[in-house]
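Novice: The sequence isn't on hand, but the structure is:
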Ligand SMILES: NC(=O)c1ccc[n+]([C@@H]2O[C@H](COP(=O)([O-])OP(=O)(O)OC[C@H]3O[C@@H](n4cnc5c(N)ncnc54)[C@H](OP(=O)(O)O)[C@@H]3O)[C@@H](O)[C@H]2O)c1
């Protein structure tokens with residue numbers, strides 16, 4: 001198993017974790033019993049870095065994880081997030097990061113998760129109306145209180161990362177990164193490298209697209225969030241399929257799956273990085289986990305690096 005040290009505070013995780021969001025929200029229906037089987041299997045194979053957030057569901061993803069954590073909390077490195085506020089009915093209540101909100105969100109997550117500590121607590125989105133010093137100051141108090149072990153940010157800019165890191169060491173930045181989303185390479189990755197902050201790549205399979213399994217909107221269930229995502233319009237799918245086709249071509253040459261190629265490419269990047277592909281299927285979990293053993297050749301990496309030059313149709317949100 002490939003382990004990655006995230007940040008300077010001692011957090012160590014497997015390079016391939018498990019994104020749990022799709023088990024409860026955004027990507028169509030799923031079955032709780034199947035999800036729990038996936039989580040059981042994840043633990044069996046060593047994939048024990050689990051990613052959730054209070055807003056997934058909303059709230060039900062943390063409750064699902066509480067069922068999987070019960071009786072074996074110490075075996076899991078649990079990451080959750082606060083800051084994107086939602087109502088019980090799923091409504092969107094804005095981005096919040098004031099100190100009182102940070103503390104009450106943490107207590108609510110701990111209760112739902114049925115645990116007394118969170119391993120890695122992220123601010124999900126930066127609140128433009130609260131100074132980052134206040135937010136991270138409140139997160140630092142959670143560390144002091146023993147409720148949180150390490151802290152992280154998600155989708156933060158370099159300036160915010162630098163300011164936050166002065167208040168309390170940031171162990172991880174979680175942001176979207178994959179073969180079709182490489183904006184982080186410009187100034188985000190240089191910043192985390194400089195500050196010795198770990199990087200956690202979310203949506204590493206391009207929300208499933210890079211696996212080659214999504215070839216038209218008909219492949220998505222009604223209500224799937226991706227139907228409203230600009231990269232999944234019929235026109236965008238048509239254009240972006242050229243990228244997925246190249247990933248498939250390389251996968252076929254070496255007899256692995258496209259998802260494994262997409263993940264192995266990420267793991268080959270020159271940054272202290274863990275990735276958290278999401279799946280509701282045991283077979284895919286095992287495939288994704290095995291990608292850490294796949295070493296792509298220089299020639300394959302070269303071809304994958306050039307993919308982005310084909311252009312990606314559609315904004316990522
Ligand atoms: N910080 C943030 O703002 C943020 C935003 C988005 C996501 N995240 C986190 O990142 C995690 C992963 O991102 P994501 O779920 O958006 O996208 P992803 O991991 O890029 O893709 C997930 C999709 O790919 C499919 N898939 C997974 N493994 C596959 C395989 N081996 N072959 C074919 N298809 C496969 C899944 O379908 P099945 O489930 O049917 O297998 C699912 O539809 C989330 O679960 C969440 O924890 C964070």
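Specialist: Happy to help now that I have it. None of the values given here were measured: they were computed from a predicted structure. Residues are numbered from 1 along each chain as shown.
Novice: Please make it C-alpha for all contacts and neighbour counts, starting now.
Specialist: OK.
Novice: So which residues of the stretch 1-150 of the chain form helices?
Specialist: Under the criterion DSSP state H, counting those that start in this stretch, the stretch 1-150 of the chain carries helices at the ranges 32-45, 60-69, 99-113, 132-144.
Novice: Also compute the angle for the last one relative to helix 99-113, please.
Specialist: For the pair helix 132-144 and helix 99-113, the angle between their directions (axes from the mean of the first three to the mean of the last three CA atoms, to 10 degrees) equals 40 degrees.
Novice: how far does helix 132-144 sit from the chain's center?
Specialist: Chain-centre distance of helix 132-144: 22 Å, with CA atoms, centre = their mean, to the nearest Å.
Novice: List the buried residues of the lengthiest helix in the chain.
Specialist: Assignment by DSSP state H gives helix 234-254 as the longest helix of the chain. Within helix 234-254, the residues that count as buried by 16 or more other CA atoms under 10 Å are 236-237, 239-244, 246-248, 250-251.
Novice: What pLDDT does the model give residue 168?
Specialist: The model reports residue 168 with a pLDDT of 98.
Novice: Now for it, how many residues are close by?
Specialist: 18 (other CA atoms under 10 Å).
Novice: just residue 223 next, same as before
Specialist: By other CA under 10 Å, 12 other residues sit near residue 223.
Novice: pretty sure it is touching residue 28, no?
Specialist: Yes: in this structure residue 223 lies within contact range of residue 28 using CA atoms under 8 Å: 6.7 Å.
Novice: remind me which residues of the stretch 151-300 of the chain are low pLDDT?
Specialist: Confidence mapping of the stretch 151-300 of the chain against pLDDT under 70 gives zero matching residues.
Novice: where along the stretch 201-317 of the chain do the strands fall?
Specialist: If DSSP state E, counting those that start in this stretch is used as the criterion, the strands of the stretch 201-317 of the chain fall at 273-275.
Novice: related to what we said a few turns ago, could you name the helices and strands sitting against the longest helix of the chain?
Specialist: helix 258-267, helix 298-306 (3 or more CA pairs under 8 Å, 6 or more residues apart in numbering; DSSP states H and E).
Novice: Of all those helices, which one is nearest the ligand?
Specialist: The closest of the helices and strands packed on helix 234-254 to the ligand is helix 258-267. By CA to the nearest ligand atom, the value is 4.9 Å.
Novice: sorry, back to before: could the helices and strands packed on helix 234-254 be laid out in TSV, adding mean neighbour count?
Specialist: Formatted as TSV, the helices and strands packed on helix 234-254 follow (neighbours: other CA atoms under 10 Å):
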stretch	mean neighbour count
helix 258-267	24
helix 298-306	13
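Novice: what does the stretch 151-300 of the chain have sitting close to the ligand?
Specialist: On the criterion CA under 6 Å from any ligand atom, the ligand has as its neighbours in the stretch 151-300 of the chain the residues 154, 174-175, 202-208, 211, 259, 276-281, 284, 287-288.
Novice: Look up how far residue 258 lies from whatever residue of the stretch 1-150 of the chain ends up closest to the ligand.
Specialist: As assessed by CA to the nearest ligand atom, the ligand sits closest to residue 19 within the stretch 1-150 of the chain, at 3.1 Å. Counting by CA to CA, to the nearest Å, the gap from residue 19 to residue 258 is 18 Å.
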